[in-house]
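S.K.: sequence and predicted structure, then a few things I'm wondering about:
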Amino acid sequence: MDLDLSGRTVLVTGASQGIGFAVARALVDEGAEVFGVARGTTPQVERLSAEAPSFHYFSADLTDEEGVAGLDSFVTGDLDVLVNNVGSAPARPGGFSSISADDWARSWTLNLMTTVRVTHRLQHRLVEGSAIVNIASENALLPDPMVMDYSTAKAGVLSFTKSLSKELAGRGVRVNAVSPGPVATDLWLGFAKQVSAASGVTAQAVRQETEKAIPTGRFSRPDEVADVVLVLASPRFSNVTGSEFVIDGGMRPTI
C-alpha cells in the first residue's frame, strides 16, 4: 500500500534515538521531507543526515520555551505531519514517597508539556489534511507505581489528544495517539538498569520478568511502532482521529 507520504513535510520530536529515530528513518524511506529535533545528536542521526538530503536535524531542548520557539526558523512553510515523541520514564523504586515535587514537575514538563507547547507553537502551520501523532504510553491506562509520574503525564497526553482532535477536526486536521508497551530501546534499558540497581537483580532479569507479562513474549521493536505512526500520518486514513492505537504484544488486559 502506498501511504502517500512522499513529498510531505514532517516534524518529528525526540528524533535522535529509539522510537523517534525509527519514525524519522521510516518517513525518509517513504519519501517525506523530514525535520528531526532532539536535545542532542547521535551517530545514527549523523549517518542519516549524510545519506539522506531529505532529512534535516536540529538540536534543541523542547522543555524550554526558547527551544520550542527555535522551531519557527527550523521548519518553515506548511506542515503536513507533526509527531510528538519527546519523553523519558525514570524508575521510581521507592514509590510515591520518593518522588519529589521537582520530579513531578520535570516529568510533566518532559512527557506532557513538550507535546502541548510544540503543538501550540506549530498549529497554525498545519494544513488541511494534515495529521498529528502523539506518542503516549501503555502506562497511560496501565499505570504503575514504578513510573507513577510518567504514567500520569502520559494519561494527560491521551486526554490532550482526544480534546484537540475535536477542536481541529473542522480544519481537516487529524490527531491520534500511539501507546507503546515495552519497546527494545536504550530508554528501556536505562529503566531496567535503574530497577536493577535498586533491587539487586540484573537488568537482563528485569527484562525477562517483563517479557513474561507480555502474551507475545517479547518487546516491540522501534520499527514496529514507527509503522503504526506512519499509518496514522498517512492521508489514506483520513477519517481516523481522536483514537489511541496500542502496540504492546497484548499486554493490556482490556479490550
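M.R.: Nice, I can see it. Note that the structure is predicted; figures quoted are calculated from it, not measured.
S.K.: mind listing the helices for the protein?
M.R.: For the chain, helices defined by DSSP state H occupy the ranges 18-29, 43-51, 65-69, 71-74, 101-108, 114-122, 148-168, 186-199, 203-212, 222-233.
S.K.: ok, for Lys164, nearest residue in space, not its chain neighbours?
M.R.: Let me fix one detail, which is that residue 164 is Leu and not Lys. Leaving aside its chain neighbours, Leu164 sits nearest to Val175 (4.8 Å; criterion: CB to CB, 6 or more residues apart in numbering). Yep, even glycine has a C-beta here, placed from its N, CA and C like the rest.
S.K.: ok, now which ones touch Asp248?
M.R.: Glu138, Ser179, Pro180, Gly181, Pro182, Ile214, Ser220 (CB atoms under 8 Å, 6 or more residues apart in numbering).
S.K.: same question, Ala169
M.R.: Thr241, Gly242.
S.K.: what's the answer for Val81, then?
M.R.: Leu5, Arg8, Thr9, Val10, Leu11, Leu27, Ala32, Ser130, Ala131, Ile132, Val133, Ala233.
S.K.: what's the spacing between the lowest-mean-pLDDT helix or strand in the chain and its chain's center?
M.R.: The weakest-scoring helix or strand in the chain, judged by mean pLDDT, DSSP states H and E, is helix 186-199 (a mean of 86). Chain-centre distance of helix 186-199: 20 Å, with CA atoms, centre = their mean, to the nearest Å.
S.K.: got the angle for that helix vs helix 148-168?
M.R.: Orientation note: helix 186-199 sits at an angle of 150 degrees relative to helix 148-168 (axes from the mean of the first three to the mean of the last three CA atoms, to 10 degrees).
S.K.: may I ask you to name the longest strand in the chain?
M.R.: Longest strand of the chain, by residue count under DSSP state E: strand 126-135.
S.K.: strand partners of that one, parallel vs antiparallel please.
M.R.: strand 79-84 (parallel), strand 174-180 (parallel) (DSSP bridges).
S.K.: can I get that strand in CSV? Just the C-alpha atoms.
M.R.: Extracted in CSV, the C-alpha atoms of strand 126-135 (Å, rounded to 0.1, in the frame of the first residue of the first chain):
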residue,chain,number,x,y,z
LEU,A,126,-0.9,22.5,9.9
VAL,A,127,-2.7,22.5,6.6
GLU,A,128,-6.0,20.8,5.8
GLY,A,129,-5.5,17.1,5.6
SER,A,130,-2.5,17.1,8.0
ALA,A,131,-2.0,14.9,11.0
ILE,A,132,-0.7,15.0,14.5
VAL,A,133,0.6,11.8,16.1
ASN,A,134,1.3,11.9,19.8
ILE,A,135,3.4,9.2,21.4
